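Asker: Give the three-dimensional model of this entry:
(one chain, ligands or ions: 2)
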Amino acid sequence: MRPDDSVDTIKGIGDKTRSLFEKLDVNTVGELLTFYPREYETFSYPVKIKELVPGRVGAVEASLSNIKSIRKGNLDLLTCTAKDSTGIVDLAWYNQSYLKSSLSVAYHYIIRGKVVKKGKFLRFEQPKLYKREEYLSLMKTLSPIYPLTAGLTNNAVKKAVKQALVLAEDVPEYIPADIRKKYKLLKKGTCLNEVHFPKSEETLCDAKKTLIFEEFFLFALFLREMSGKKETLKSPHIFKNDEICNKFIAGLPFELTRDQMNTFEDIKKDTSSGRVMVRLIQGDVGSGKTVIAELAALLATASGAQACVMVPTEVLANQHYEDFKKSLEPLGVKVDILTGSLKASDKKGARKRAEEGETDILIGTQALIQDSVAFKNLGLVVTDEQHRFGVNQRLTLSDKGNIPHVLVMSATPIPRTLAMMLYGDMDISVIKEMPKGRLPIKNAVVGAGYHEAAYKHIERELSAGHQAYVICPMVEASELLDAKDVTSYKDELADRFKGYEVEMLHGRMTPAQKDEIMGRFASGEVKLLVSTTVIEVGVNVPNATVMMIENSERFGLAQLHQLRGRVGRGNAQSYCIFFYEGNDENTKERLNVIGNSNDGFFIASEDMRLRGPGDMFLGLRQSGEFELKVGDIFRDADILKLATEEANALSDSKRSEILEETLRNGGKTMFAFFKAYASI
Ligand code: ADP
Ligand code: MG
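Answerer: Numbers count the residues shown, from 1 in each chain. Ligands and ions are numbered 1, 2, ... in the order given. Take a look at the predicted model:
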């Protein structure tokens with residue numbers, strides 16, 4: 001067997017199982033080795049029945065009585081009652097009545113499974129029963145639980161992995177020996193064995209550290225190779241004339257925060273130096289990045305150069321267009337827009353005006369500007385909401401023509417170490433301070449029973465002249481999922497809020513429809529907007545003071561934070577109400593993080609910490625910007641730092657050598673992030 005053999009070379013895997021593994025993106029034996037468990041099952045000492053906690057897995061030692069099986073139509077239910085000195089608990093199995101013959105009222109069992117609350121009583125659903133000795137021996141082990149797909153059992157994966165592990169000893173080491181020694185890293189083969197079948201918590205922890213170190217190390221090497229060396233290119237664009245910017249600042253209805261001032265100073269310094277500016281502006285949602293973009297663009301135009309502002313969505317392009325026009329046209333600056341939903345002739349016109357130099361500032365969606373516009377004299381490129389774009393895309397436009405200055409704006413709360421890695425070729429300005437006079441958003445994390453009170457609250461805000469968002473996870477009702485949908489909820493709320501204009505917004509509408517609705521919401525005509533997460537990015541309607549999010553349990557914390565950032569953008573008190581379904585304790589704990597804090601950086605790190613021990617390998621898989629398999633930039637920030645330092649200290653030739661080696665050995669598939677970048 002070799003690492004790049006198909007998984008069906010493993011005994012017991014035929015066509016059917018192979019195609020199930022394919023669904024999980026596991027095609028080869030080598031990929032099976034790095035198909036890490038999602039978490040580990042631990043067998044803790046049994047507790048008393050009265051100590052069981054609903055929503056969690058628990059184990060008790062008890063005797064059985066009242067064993068019954070019931071068959072009703074499709075339902076095949078097996079139940080019994082377990083009892084110890086402190087109370088009773090029900091046991092229930094669905095479609096497993098064959099278990100009945102193995103249950104006996106004569107023994108004590110250790111019963112283990114998920115506990116739920118049914119009316120007044122507790123119930124184990126689909127529990128497993130063990131004899132005492134059997135359970136005690138299990139208590140010493142950690143048993144892997146793999147991410148699965150329908151038709152593939154955990155046991156089948158375990159068996160397959162066990163066989164694949166004969167290859168573990170021969171897996172190549174990528175980290176140079178001296179570095180491995182310095183940090184006491186384990187052998188790769190040992191790590192793989194430990195991660196799948198840990199001997200103990202401690203050995204597992206050591207193995208993970210090594211794997212995480214390796215992942216960060218290769219990640220750092222890779223990024224470094226991608227971004228090349230930091231270049232200090234000469235720039236033909238020297239912006240010296242900031243008179244008009246001062247005038248603009250003086251005319252603002254607010255005072256810039258110190259961080260905003262400093263950021264603009266950074267930009268002025270960069271763009272007057274004769275070298276090309278490549279700067280990242282990092283600032284949490286609502287920290288006021290748009291005005292910085294406006295200032296930078298104004299600075300460019302004052303020196304006769306053109307600027308373009310690229311955003312990920314049409315909704316945002318239109319909003320920026322209106323904003324820029326309103327604040328800059330009175331100063332004689334010509335602002336134009338280019339988006340996909342414009343009529344062909346309007347697009348053509350916008351391109352022509354940009355090409356002939358008639359337009360000073362062009363705003364639009366990234367794809368369109370990047371692919372189709374040749375500017376007359378482009379001096380500045382601003383990319384807003386950078387976290388929506390891939391790292392690799394960020395500089396393509398600036399390759400065009402005469403090397404414009406580059407400004408990138410992101411609300412992703414990433415640690416500085418990582419920002420430096422990801423954007424190693426950029427300078428960074430951070431906007432930490434929120435605008436003055438902002439009241440912190442008041443949050444509530446509540447179950448469905450609170451709806452009436454929430455509606456009353458929304459009504460109060462609307463009657464005070466404010467506006468509100470209601471967010472649902474789905475566009476239309478679905479039979480499969482029990483979650484709120486925009487379409488029917490909009491009708492329901494229109495009924496509930498008679499006398500107020502209620503509208504909906506979702507991704508299946510045409511760009512023109514979305515614009516029309518967003519425009520009417522921004523102008524204050526629409527009072528209540530029922531929307532999917534399409535409004536997540538950048539939308540700014542400061543008069544909106546309430547957001548109500550349905551099925552919050554279906555969203556990630558980072559996403560909830562971005563969503564919530566749509567309110568609290570003016571001086572009025574704002575509110576965010578997070579509704580959730582079900583009574584899972586973990587969900588509540590997670591949502592309470594966001595309920596108790598408005599700080600994006602804190603939320604992101606808590607999110608990671610919470611997933612931490614229980615869900616070790618989830619990492620940042622969902623972040624979109626990059627994919628890591630074992631490492632987690634928040635939880636493992638210290639390892640990240642060391643691994644990056646070591647990677648950066650290598651010589652160019654050593655770096656290339658290691659990367660080539662990883663690619664030769666199927667590194668492309670061994671590390672998720674290679675996949676993400678393989679297309680470059
Ligand atoms: P983001 O950083 O999320 O892009 P925006 O630039 O959209 O935030 O700003 C959010 C709101 O705050 C806008 O209405 C903007 O006009 C306002 N704002 C920006 N800077 C300040 C400031 N220094 N003082 C008061 N309000 C500000
Ligand atoms: Mg913004």
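
Asker: Confirm residue 189 sits in a helix?
Answerer: Yes - under DSSP: H, G, I helix; E, B strand; the rest coil, residue 189 sits within a helix.

Asker: okay, it: pLDDT?
Answerer: Per-residue confidence (pLDDT) for residue 189: 93.

Asker: what's the distance between it and residue 165?
Answerer: Note on residue 189: its distance to residue 165, by C-beta to C-beta, to the nearest Å, is 9 Å. Where you see a C-beta, it was placed from the backbone N, CA and C, and this is true even at glycine.

Asker: Residue 587 now?
Answerer: 35 Å.

Asker: Residue 37 too?
Answerer: 13 Å.

Asker: Residue 529 too?
Answerer: 54 Å.

Asker: what does residue 642 give?
Answerer: Counting by C-beta to C-beta, the gap from residue 642 to residue 165 is 28 Å.

Asker: go on, residue 262?
Answerer: Residue 262 is 54 Å from residue 165, by C-beta to C-beta.

Asker: Residue 518 now?
Answerer: As judged by C-beta to C-beta, residue 518 and residue 165 stand 54 Å apart.

Asker: who has more neighbours, these two?
Answerer: residue 518 (25 against 17; other C-beta atoms under 10 Å).

Asker: Okay, strands next: where are they in the stretch 1-150 of the chain?
Answerer: 39-42, 57-72, 75-84, 87-94, 108-118, 121-130, 142-145 (DSSP state E, counting those that start in this stretch).

Asker: Quick check: bridge partners of the residue lying closest to residue 350 once chain neighbours are set aside?
Answerer: Using C-beta to C-beta, 6 or more residues apart in numbering and skipping residues adjacent in sequence, the residue nearest residue 350 is residue 338, 4.4 Å away. Beta-bridge partners for residue 338, by DSSP bridges, are residue 364.

Asker: Read off the pLDDT value for residue 338.
Answerer: 95.

Asker: thinking it is in contact with residue 366, fair?
Answerer: No - between residue 338 and residue 366 there is no contact, the gap being 10.6 Å when judged by C-beta atoms under 8 Å.

Asker: give me the low-pLDDT residue ranges for the chain?
Answerer: Scanning the chain for pLDDT under 70 picks out 226-232, 386-402, 413-425, 478-482, 536-538, 608-628, 634, 665-680.

Asker: what's near enough to touch residue 645?
Answerer: Contact analysis of residue 645 by C-beta atoms under 8 Å, 6 or more residues apart in numbering lists nothing.

Asker: Run a quick neighbour tally on whatever residue of the stretch 401-550 of the chain ends up closest to ligand 1.
Answerer: Proximity of the stretch 401-550 of the chain to ligand 1 (C-beta to the nearest ligand atom) peaks at residue 435, 3.1 Å away. A count of neighbours around residue 435, defined by other C-beta under 10 Å, yields 19.

Asker: check contacts around it.
Answerer: Contacts of residue 435 by C-beta under 8 Å, 6+ apart are 254, 257, 286-288.

Asker: shared neighbours, residue 37 and residue 165?
Answerer: With C-beta under 8 Å, 6+ apart as the test, residue 37 and residue 165 both reach residue 196.

Asker: since we're on residue 593, how many residues are nearby?
Answerer: Using other C-beta under 10 Å: residue 593 sits among 20 other residues.

Asker: whoops, I mixed them up, residue 577
Answerer: 24.

Asker: Could you do residue 383 as well?
Answerer: 26.

Asker: Residue 407 is in contact with that one, correct?
Answerer: Yes - between residue 383 and residue 407 a contact is recorded at 7.3 Å, counting by C-beta under 8 Å.

Asker: The residue of the stretch 401-550 of the chain closest to ligand 1 belongs to a strand?
Answerer: No - secondary structure of residue 435 (three-state DSSP): coil, not part of a strand.

Asker: Report the contact partners of residue 407.
Answerer: 267, 277, 279, 281, 292-293, 296, 380-383.

Asker: Show me what it bridges to in the sheet.
Answerer: Counting by DSSP bridges, residue 407 forms beta bridges with residue 279, residue 382.

Asker: Residue 663 versus that one, what's the distance?
Answerer: 34 Å.

Asker: quick one, what contacts the nearest residue to residue 374 once chain neighbours are set aside?
Answerer: Spatial nearest neighbour of residue 374, chain neighbours left out: residue 355 (5.4 Å); criterion: C-beta to C-beta, 6+ apart. By C-beta under 8 Å, 6+ apart, the contact list for residue 355 reads 373-376.

Asker: Quick one: name the residues of the stretch 551-680 of the chain near ligand 1.
Answerer: Proximity of the stretch 551-680 of the chain to ligand 1 (C-beta under 6 Å from any ligand atom) is limited to residues residue 569.

Asker: The stretch 551-680 of the chain: strands as residue ranges?
Answerer: Counting by DSSP E, counting those that start in this stretch, one finds strands in the stretch 551-680 of the chain at the ranges 575-580.

Asker: List the buried residues in stretch 63-72.
Answerer: Neighbour-count burial for stretch 63-72 flags 64, 67 (criterion: 16 or more other C-beta atoms under 10 Å).

Asker: whoops, I mixed them up, stretch 506-514
Answerer: Quick answer for stretch 506-514 (16+ other C-beta under 10 Å): 506, 511, 514.

Asker: hang on, isn't the last one packed against residue 508?
Answerer: No - counting by C-beta under 8 Å, residue 514 sits too far from residue 508 to count as a contact (9.8 Å).
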